[in-house]
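Peer 1: No sequence on hand, only this structure:
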């Protein structure tokens with residue numbers, strides 16, 4: 001897919017961050033947008049922004065990506081509205097910080113529902129429409145933490161590794177079947193979004209300190225630059241897109257050191273991670 005003009009693009013989690021930046025980037029390229037989020041106010045702001053940017057057409061819907069029935073109905077509604085779907089970007093995601101022993105099942109179910117099942121739902125429900133379009137593309141947002149693991153991020157890691165594995169297998173299946181659908185797994189590093197401030201944490205974590213560490217030390221790239229790189233991955237039909245110098249550096253470090261990277265990460269994390277509340 002070399003040209004996104006007149007392509008129908010679906011973006012979940014478009015109420016802020018990377019999702020909003022993607023909507024603006026694609027609007028400027030002439031795409032027709034179907035954007036969704038659970039944050040109605042943020043989504044409305046995104047719609048205003050893309051309209052001001054001259055979007056050709058934008059449809060906005062409240063959507064909980066973890067709700068399978070709602071996602072199935074949404075996919076049919078979008079396909080009926082536009083008559084086709086060319087690209088789906090499964091971007092909606094949440095974060096959960098805490099040592100594995102301290103996490104509650106309810107929070108585990110929540111993050112798996114959004115980060116993994118949300119991507120599965122978006123891929124499964126839209127894939128027939130992408131195949132039928134004759135020129136389709138699936139973009140699933142994993143993470144740097146879908147390539148390497150970090151303490152305090154066990155369930156986030158689990159969901160992002162799962163997204164990576166599913167997406168890579170899907171690409172292979174599309175190639176074997178000869179379907180006209182590209183598939184890209186995206187692995188952003190620290191992007192300046194509100195994900196840390198909107199995250200859940202275990203009872204043993206200082207949420208404010210955790211969010212401050214992400215915002216001040218780890219989030220180094222703007223969502224707009226991330227969106228530009230991701231869109232380049234679509235038009236370049238790339239299997240994997242690393243977003244940010246941190247993503248490139250840490251991915252290659254882990255490849256060079258093998259499983260020993262875990263020892264290094266554990267040692268460094270003792271100095272970097274916020275102290276737990278007393």
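Peer 2: That came in fine, so what should we check first? Here the structure is a predicted model, which means the values were calculated and not measured. Numbering: from 1, shown residues only.
Peer 1: Which neighbouring elements make contact with the helix or strand where residue 173 lies?
Peer 2: Here residue 173, judged by DSSP states H and E, is contained in helix 154-177. With contacts taken as 3 or more C-beta pairs under 8 Å, 6 or more residues apart in numbering; DSSP states H and E, helix 154-177 sits against strand 96-97, helix 105-111, helix 118-133, strand 136-141, strand 181-188. For the C-beta atoms, the positions are set from N, CA and C on the backbone; glycine is no exception.
Peer 1: Compare these and report which one is nearest to residue 197.
Peer 2: strand 96-97 (11.6 Å; C-beta to C-beta).
Peer 1: For the closest one, what is the distance to the chain centroid?
Peer 2: Remark: strand 96-97 is offset 16 Å from the chain centroid, using C-alpha atoms, centre = their mean, to the nearest Å.
Peer 1: Please apply the same query to stretch 68-76.
Peer 2: 19 Å.
Peer 1: Could you pull up the mean pLDDT of that stretch?
Peer 2: Mean per-residue pLDDT for stretch 68-76: 98.
Peer 1: Check which residues of that stretch are buried.
Peer 2: Applying a neighbour-count criterion of 16 or more other C-beta atoms under 10 Å, one finds 68, 70-71, 74-75 buried in stretch 68-76.
Peer 1: just stretch 95-110 next, same as before
Peer 2: 95-98, 103, 107-108, 110.
Peer 1: Any idea how far apart the tips of that stretch sit?
Peer 2: Terminal residues of stretch 95-110 lie 10 Å apart, using C-alpha to C-alpha, to the nearest Å.
Peer 1: can you list the residues that contact that stretch?
Peer 2: 66, 94, 111, 151-156, 195-196, 198-205, 207, 210 (C-beta atoms under 8 Å, 6 or more residues apart in numbering).
Peer 1: switch to 6 Å and redo it
Peer 2: 111, 152, 154-156, 195, 199-202, 204-205, 210 (C-beta atoms under 6 Å, 6 or more residues apart in numbering).
Peer 1: what would those look like in TSV with neighbour count, pLDDT and distance to residue 79?
Peer 2: As requested, those are exported to TSV (neighbours: other C-beta atoms under 10 Å; pLDDT from 0 to 100; distance: C-beta to C-beta, whole Å):
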residue	neighbour count	pLDDT	distance to residue 79
111	21	98	29
152	22	96	40
154	17	98	37
155	22	98	32
156	24	98	31
195	22	92	29
199	20	95	33
200	18	96	33
201	21	96	38
202	18	96	40
204	14	93	45
205	21	94	42
210	20	91	40
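Peer 1: Residue 26: which of these is nearest?
Peer 2: Proximity of these to residue 26 (C-beta to C-beta) peaks at residue 195, which lies at 20.8 Å.
Peer 1: Which secondary structure state does the closest one sit in?
Peer 2: coil (DSSP: H, G, I helix; E, B strand; the rest coil).
Peer 1: Pull the contacting residues for it.
Peer 2: residue 95.
Peer 1: How about residue 3?
Peer 2: Contacts for residue 3 (C-beta under 6 Å, 6+ apart) come out as none.
Peer 1: How confident is the prediction for it, by pLDDT?
Peer 2: For residue 3, pLDDT reads 91.
Peer 1: I'd like the secondary structure assignment at it, please.
Peer 2: Once three-state DSSP is applied, residue 3 turns out coil.
Peer 1: Would you mind giving both backbone torsions of it?
Peer 2: Torsion angles at residue 3 (phi, psi; degrees, to the nearest 10) stand at phi -130, psi 130.
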